[in-house]
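Trainee: Provided below for reference: sequence and predicted model.
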Amino acid sequence: MSMLDKTAPNAQPFFLGTFASNCSGGMTVTKVPERWVSSWDNNLRLARLLDEAGIDFMLPIARWIGYGGETNFHGNVLETITWAAGLLALTRNITVFATTHTAANHPVVVAKQLATIDQISRGRIGLNIVAGWNKPEYEALGLTLPDDHVTRYGYAQEWFDIVRALWSRTEAFDWDGTWFKLKNVLGDPRPSSPLPILNAAGSEEAANSPSATPISCSRRQSTSRARGTRSRH
Amino acid sequence: MAAGSSVDVLTFAHVVCRPTEKEAKDYLEHFGRTNADWAAVDNLVRLQFAHAQSFPHDLLALIRDRMAAGHGGFPLTGTPEQVADGITALHEAGFRGSTLSFVDYAEEFPYFRDTVLPILEQRGIRIAPAAMQSAA
């Protein structure tokens, strides 16, 4: 059972987790020699410290190219689904999220990857869905980033609707959507309980409030972008 | 927003926690200004704000500083008491939780664990792991 289940009688009043430890530099764009080295050994050491201290979650960033400069900030990045699987196999209570770009990962594959990790972790895997914003990253992957948010989020919504269908439907089904045409597909195994889902808000919100970009967190399997919360600070 | 869904909002924050406020602020100045990787910061700001080019200069300067120090995260800089106050303020603002980052996560987390978490537990914002287990 995920510690992020706020309906549990012993849910934390305020959730705490770490962000970006899978990326070189973490969240700090600095040249100091002690800047974060995002190696597996460091991530496992951190995960065990957090787990023992009762911290609720670890959230990674999915990144495919660095930001340049002297340190190439976020140039060295551990892939988040394999990272989460490894950490969850070696911890006891903490929830670990995988972060997936909807355009770079096929929903049928992701649904099964997470259902597999659900078994490895006994229900402690979470999913962070990213619709994409960074054009050079898309170019690195040979993908086209749609300029308008309606298309970007429409695609991400259909992507997640497929994942959700695979996690809930018990009979094989066909999918005739705008972006995906699937035939005779079935999710088996399915997660034992609903996963915590994160969905970072769009870039306009980030632009308007750099210190408080909202991330919505849902226990039910539906996506929602947090809006109207951007001027808290 | 999907009707009937249960949505919580998390925010993100960057921790510089030291025994004194001066030590915390000095370290922030050291890693986040004097030794910031400004070329990478400018790439980051340029990419993040590619579609929003009408910021006042003072706001852009603030964004640039905060991007260096914690990727734009809410600054939790100071003594354990001050860091706990910042987290309490996020709780009171209505956020359901926050991510945390540190310059060196694994080296700095134990001090946060030993000094900040007990204050949050006293204030009822966090429940100690031992109490969680006995309640489960």
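Mentor: Thanks, I have the structure now.

Trainee: does chain A sit close to the strand ranked longest in chain B?
Mentor: If you go by DSSP state E, chain B has its longest strand at strand B:7-17. Yes - using C-beta under 8 Å from any C-beta of the partner chain, strand B:7-17 reaches chain A at B:7-12, B:14. For glycine as for every other residue, the C-beta is placed from the backbone atoms N, C-alpha and C.

Trainee: Tell me which other helices or strands that strand touches.
Mentor: Here strand B:7-17 touches strand A:15-19, strand A:215-218, helix B:21-29, helix B:57-70, strand B:74-78, helix B:80-92, strand B:97-101, helix B:105-122, going by 3 or more C-beta pairs under 8 Å, 6 or more residues apart in numbering or on different chains; DSSP states H and E.

Trainee: Least confident of those, on average?
Mentor: Lowest mean pLDDT within those: strand A:215-218, a mean of 51.

Trainee: re earlier: the longest strand of chain B pairs with which strands, and in what direction?
Mentor: The strands beside strand B:7-17 in its sheet (DSSP bridges) come out as strand A:215-218 (antiparallel), strand B:74-78 (parallel), strand B:97-101 (parallel).

Trainee: how far off helix B:21-29 does that strand point, in degrees?
Mentor: In terms of direction (axes from the mean of the first three to the mean of the last three C-alpha atoms, to 10 degrees), strand B:7-17 departs from helix B:21-29 by 100 degrees.

Trainee: how far out from the middle of the chain is strand B:7-17?
Mentor: Computed by C-alpha atoms, centre = their mean, to the nearest Å, the chain-centroid distance of strand B:7-17 equals 5 Å.

Trainee: Reformat the helices and strands packed on strand B:7-17 as TSV; add mean neighbour count and distance to residue A:45.
Mentor: Formatted as TSV, these follow (neighbours: other C-beta atoms under 10 Å in any protein chain shown; distance: least, C-beta to C-beta, whole Å):
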stretch	mean neighbour count	distance to residue A:45
strand A:15-19	25	12
strand A:215-218	22	25
helix B:21-29	15	22
helix B:57-70	18	21
strand B:74-78	23	22
helix B:80-92	18	22
strand B:97-101	25	16
helix B:105-122	18	5
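
Trainee: Any chance of those in a markdown table with distance to residue A:74 as columns?
Mentor: Formatted as a markdown table, these follow (distance: least, C-beta to C-beta, whole Å):
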| stretch | distance to residue A:74 |
| --- | --- |
| strand A:15-19 | 12 |
| strand A:215-218 | 18 |
| helix B:21-29 | 21 |
| helix B:57-70 | 12 |
| strand B:74-78 | 20 |
| helix B:80-92 | 25 |
| strand B:97-101 | 13 |
| helix B:105-122 | 15 |
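
Trainee: closest to residue A:48 out of those?
Mentor: Among the helices and strands packed on strand B:7-17, the nearest to residue A:48 by C-beta to C-beta is helix B:105-122 (9.4 Å).

Trainee: quick one: the closest one to chain centroid distance?
Mentor: With C-alpha atoms, centre = their mean, you get 13 Å for helix B:105-122.

Trainee: which residues sit against that helix?
Mentor: With contact meaning C-beta atoms under 8 Å, 6 or more residues apart in numbering or on different chains, helix B:105-122 is reached by A:14, A:18, A:21, A:26, A:34, A:36, A:42, A:45-46, A:49-50, A:53-54, B:15, B:17, B:80-81, B:83-84, B:87-88, B:100, B:102, B:126-128.

Trainee: try stretch B:36-48
Mentor: Residues from elsewhere that reach stretch B:36-48 (C-beta under 8 Å, 6+ apart): A:29-31, A:66-73, A:133-136, A:203, A:206-207, B:60, B:63-64, B:67-69, B:71-72.

Trainee: go again using 7 Å as the cut-off
Mentor: A:29-31, A:67-71, A:73, A:134, A:203, A:206, B:63-64, B:67-68 (C-beta atoms under 7 Å, 6 or more residues apart in numbering or on different chains).

Trainee: in it, what counts as buried?
Mentor: Applying a neighbour-count criterion of 16 or more other C-beta atoms under 10 Å in any protein chain shown, one finds B:36-45, B:48 buried in stretch B:36-48.

Trainee: Pick out whichever of those residues sits closest to residue A:152.
Mentor: Of all the buried residues of stretch B:36-48, residue B:48 has the smallest distance to residue A:152: 15.7 Å, by C-beta to C-beta.
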